[in-house]
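In: Provided below are the primary sequence and the corresponding predicted coordinates.
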Amino acid sequence: MDGKMLARLGAVVFVAVAITATAIEMSRKEEPTESWATSRPNTAPSAPLRDELFRCQALGEAGPRDAACLRAWAENRNRFLAPGARPAERLPDAPPVPHPSSDAAVPAQPAPVWPPAETR
């Protein structure tokens, strides 16, 4: 079998696979897509701050002009950024990193600089 015949056979197989994949995709039924707002799970207990933040998100550009949204955003920032804030949703702190012991080898002088000063 020469190279030309092998290339033609490869092209025919490729076209056959492409037509089969297209036929399978076109025969599928279209499922209605859910919007992001309706796909949120409603299993969590209702939290007034969270509900207000979702309402402000839905407002879009009008959110920054709404006084209630500004209060909700400020309260949400304070939950995380206020000194000593420990929100319930925060991950636990990592264990403390051990400090190097005082008897660890500490270099007495800095590493030499290359090239040496006298050759500059």
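Out: Okay, I see it.

In: contacts and neighbour counts: CA atoms only from here.
Out: Fine.

In: For the chain, which segments are assigned as strands?
Out: Taking DSSP state E as the test, none of the chain falls into strands.

In: can you list the weak-confidence ranges in it?
Out: 33-46, 85-120 (pLDDT under 70).

In: At which residues are the helices of it located?
Out: 3-27, 48-59, 67-81 (DSSP state H).

In: Make TSV from these and add mean neighbour count to it.
Out: Output for those, formatted as TSV (neighbours: other C-alpha atoms under 10 Å):
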stretch	mean neighbour count
helix 3-27	11
helix 48-59	14
helix 67-81	14
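
In: pretty sure residue 53 contacts residue 69?
Out: Yes - applying C-alpha atoms under 8 Å, one finds residue 53 in contact with residue 69, separated by 7.0 Å.

In: how about residue 66, phi and psi?
Out: phi -90, psi 120 (degrees, to the nearest 10).

In: count of residues packed around it?
Out: If you count neighbours by other C-alpha atoms under 10 Å, residue 66 ends up with 12.

In: State the distance from residue 52 to residue 82.
Out: 20 Å (C-alpha to C-alpha, to the nearest Å).

In: make that residue 1, sorry
Out: 76 Å.

In: now residue 25
Out: Distance from residue 25 to residue 82, by C-alpha to C-alpha: 53 Å.

In: Check residue 28 too.
Out: For residue 28, the distance to residue 82 - C-alpha to C-alpha - is 52 Å.

In: who has more neighbours, those two?
Out: The residue with more neighbours, out of residue 28 and residue 82, is residue 82; 11 against 8, by other C-alpha under 10 Å.
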